[in-house]
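Undergrad: pasting the structure only:
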């Protein structure tokens, strides 16, 4: 940044009080802007080389940067990387496409697509920062962790929203995406995860040691994990995990076919509200949690973390009273709370072809919880979340046949 030097010439007379005050204020403003204001950089990219160049500049310029990725299909032959060991000194990075149906990043089945690390030396010393990734499609990525997207930092705030992840495969965790912030916030919302695979978290692996993880308004279908969390694998030691208004269908794993959550040290809180967890599969046998498995006492001291389970729709073999059953399994239930969960076919429009809108006869309509934590204002398509007496269960809010409403929503 460049600043124009200011030169003041004074005549030999005494300045009045008002003039002195104005001059001092002007000097203060110049000093303030010279030392405190950082102007963000905006990059317009149209190919993978420009994309990487923008990431490389953004990781070191210590500004609030935005990378606009133009519509088109980008064949990624080398992983796009952003790496720093100081969190870019607390600055923001926003990477946004023209829409998940227009900006497509394809790893060709052999390359991890996007890797962002703000604590590269892994010493916990980064200075924060915000990372936002939105409005893109990540397809056919291949890597060890986060084959589509990998974001890691110590105290950063991570937002992954309005993207699609399909056909990505990771050896370790997060076939579609990994979002890992030790003490910051992780927000995964309004995304679609389909046919991704990994060992942990076929769709997404989301962790925060002492911060918050919020997963809302997403659709997870046909994802798989060799071990846990076919759709989602979430972990917290002393923070909060909230999973609300998502749809999980047709996902599979050894345990926790739809969702697997691990909670440690009796200080974590897991709240699961208004989700459809239906027709998922776990193949460990017994009470393996086809739809949901929660390790609520991972430190093994027989004092379970808080688990709240309200207004969800499960498959037919969930015992909500005991928390120990084929579709729902919670390892320790001393701090388990539940109410108003159902076990009925949600009546999707066409799940085989990926249409998880609700039919007009769905038992999920108006059966959600109005007081759910982090209740979204809109559904996964941006329609108003509460159109009746209560929110619908799942990612979709059913819109009744009301012409005036369709006109209002621009549909």
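TA: Looks like it came in fine. Every value quoted in this text rests on a predicted model; they were computed, and no experiment measured them.
Undergrad: Look at residue 95 and say how many residues are nearby.
TA: 26 (other Cβ atoms under 10 Å). Using the backbone N, CA and C atoms, a C-beta is placed for each residue, glycine as well.
Undergrad: That one sits in which helix or strand?
TA: Assignment of secondary structure by DSSP states H and E places residue 95 within strand 92-96.
Undergrad: who does that strand touch, helix- and strand-wise?
TA: Applying 3 or more Cβ pairs under 8 Å, 6 or more residues apart in numbering; DSSP states H and E, we find strand 92-96 packed against strand 65-69, strand 130-134.
Undergrad: And stretch 159-178, what's buried?
TA: 159-170, 172-178 (16 or more other Cβ atoms under 10 Å).
Undergrad: what's the angle from the strand holding residue 95 to strand 65-69?
TA: Angle, strand 92-96 to strand 65-69, by axes from the mean of the first three to the mean of the last three Cα atoms, to 10 degrees: 10 degrees.
Undergrad: angle of strand 92-96 against strand 130-134?
TA: Strand 92-96 runs at 0 degrees relative to strand 130-134, counting by the same axes, to 10 degrees.
Undergrad: Now do the next helix or strand after strand 92-96, average pLDDT.
TA: Scanning forward in sequence from strand 92-96 by DSSP H and E, the next helix or strand is strand 103-106. Throughout strand 103-106, pLDDT has a mean value of 98.
Undergrad: For strand 103-106, what is the distance to the chain centroid?
TA: Centroid separation for strand 103-106 versus its chain: 19 Å, with Cα atoms, centre = their mean, to the nearest Å.
Undergrad: same check, this time on stretch 71-87
TA: Taking mean C-alpha positions (Cα atoms, centre = their mean), stretch 71-87 and its chain are 18 Å apart.
Undergrad: List the contacts of the strand holding residue 95.
TA: The list of residues contacting strand 92-96 from outside it, by Cβ atoms under 8 Å, 6 or more residues apart in numbering, reads 40, 58, 64-69, 82, 114, 116, 129-136.
Undergrad: again, only using 6 Å
TA: 58, 64-67, 130-135 (Cβ atoms under 6 Å, 6 or more residues apart in numbering).
Undergrad: repeat for stretch 292-306
TA: 255-256, 258-266, 268-269, 277, 307, 328-332, 334-335.
Undergrad: Using PyMOL, define a selection of the buried residues within these.
TA: The PyMOL selection below is limited to those of those classed as buried (16+ other Cβ under 10 Å):
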select buried, resi 255+256+258+259+260+261+262+263+264+265+266+268+269+277+307+328+329+330+331+332+335
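Undergrad: from the contacts of stretch 292-306, which ones fall inside helices?
TA: Counting by DSSP state H, no part of the contacts of stretch 292-306 is found in helices.
Undergrad: So which of the contacts of stretch 292-306 belong to strands?
TA: In strands, defined here by DSSP state E, the members of these are 259-263, 269, 277, 307, 328-330.
Undergrad: quick one, the helix or strand hosting residue 213 and strand 259-263 angle?
TA: Assigned by DSSP H and E, residue 213 belongs to strand 212-216. Put simply, strand 212-216 runs at 170 degrees to strand 259-263, going by the same axes, to 10 degrees.
Undergrad: Parallel or antiparallel, list what pairs with strand 212-216.
TA: According to DSSP bridges, strand 212-216 has the following sheet partners: strand 185-189 (parallel), strand 240-244 (parallel).
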